[in-house]
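[1] Pasting the sequence and the predicted model now:
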Amino acid sequence: EAQVTQNPRYLITVTGKKLTVTCSQNMNHEYMSWYRQDPGLGLRQIYYSMNVEVTDKGDVPEGYKVSRKEKRNFPLILESPSPNQTSLYFCASRESLNYGYTFGSGTRLTVV
Amino acid sequence: EDQVTQSPEALRLQEGESSSLNCSYTVSGLRGLFWYRQDPGKGPEFLFTLYSAGEEKEKERLKATLTKKESFLHITAPKPEDSATYLCAVDSGNTPLVFGKGTRLSVIA
């Protein structure tokens, strides 16, 4: 089944403790992206990648890092999480700019 | 800067009561406009892509249309299972996909 897989689905952590949210897609898509979704603010792009080793900042990149060492994986790294990064995070991939994104099921992160 | 505005924020319909959702956009050059459906706590599910003014796409009770300034998602004779948040997004080629805040649709039996 074609899908984008994120892990974990739920995560509660403490301020400053480094964490990684994994994302993997099995569709051989070149484009991958991370979004966060907050009430009243909608979906906002954090980072995106157009190919292996090619990443760029989205609208809200502060406090986040990404890497794209393999085509299928696009992990999101929070080096020192803060409470304002509490949010619902989505990873997504698409075949090309002419196609819509396929989204993962989401990771609900709480930073206390 | 690319902008997407969706209206209304929330819409409550009786089962069978047709209506339309609006997505107004401002982009430097539209490569594509996308409609998604999102159920609570889940990832958005892709519905349609529209590329040029005058284009229409249909899927079951949903029909999406596109003009040079806006897109409409028409819902014909909705059922309770159509209840969800509907998201619109535009791609201008500058940065991939800018999303609107969505319209929360409730269909009451």
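    That came through fine.
[2] What strands line up against the helix-or-strand element of chain B with minimal mean pLDDT, and which way round?
    Confidence across the helices and strands of chain B bottoms out at strand B:98-99, with a mean of 90, counting by mean pLDDT, DSSP states H and E. Each strand pairing with strand B:98-99, determined using DSSP bridges, is listed with its direction: strand B:84-91 (antiparallel).
[3] residue contacts, A:Thr110?
    With contact set as C-beta atoms under 8 Å, 6 or more residues apart in numbering or on different chains, A:Thr110 has these partners: A:11-13, A:86. Where C-beta positions appear, they are placed from N, C-alpha and C, glycine not excepted.
[4] For it, grab phi and psi.
    Comment: the main-chain dihedrals of A:Thr110 come out as phi -120, psi 120, following degrees, to the nearest 10.
[5] Work out for me the element the residue sitting nearest the centre point of chain A sits within.
    Nearest residue to the geometric centre of chain A (C-alpha atoms, centre = their mean): A:Trp34, 3.1 Å. Secondary-structure assignment from DSSP states H and E places A:Trp34 in strand A:31-38.
[6] Run the angle between that strand and strand B:84-91 for me.
    With axes from the mean of the first three to the mean of the last three C-alpha atoms, to 10 degrees applied, the angle from strand A:31-38 to strand B:84-91 works out at 130 degrees.
[7] Strand A:31-38 and chain B, any residue contact?
    Yes: applying C-beta under 8 Å from any C-beta of the partner chain, one finds that strand A:31-38 is in contact with chain B at A:31, A:33, A:35.
[8] ranges for the strands of chain B?
    Remark: strands assigned in chain B by DSSP state E are B:3-7, B:10-14, B:19-26, B:32-38, B:45-50, B:56-59, B:62-66, B:70-75, B:84-91, B:98-99, B:103-108.
[9] With adjacent residues omitted, what lies nearest to the residue of chain B found nearest chain A?
    Among the residues of chain B, B:Gly43 lies closest to chain A, at 3.3 Å counting by C-beta to the nearest C-beta. Setting aside the residues directly before and after it, B:Gly43 is nearest to A:Phe103 in space (C-beta to C-beta, 6 or more residues apart in numbering or on different chains), at 3.3 Å.
[10] backbone phi and psi for the one you found, please?
    Geometry field for A:Phe103 lists phi and psi as phi -100, psi 150, criterion degrees, to the nearest 10.
[11] And it, how far from B:Leu66?
    Relative to B:Leu66, A:Phe103 is positioned 22 Å away (criterion: C-beta to C-beta, to the nearest Å).
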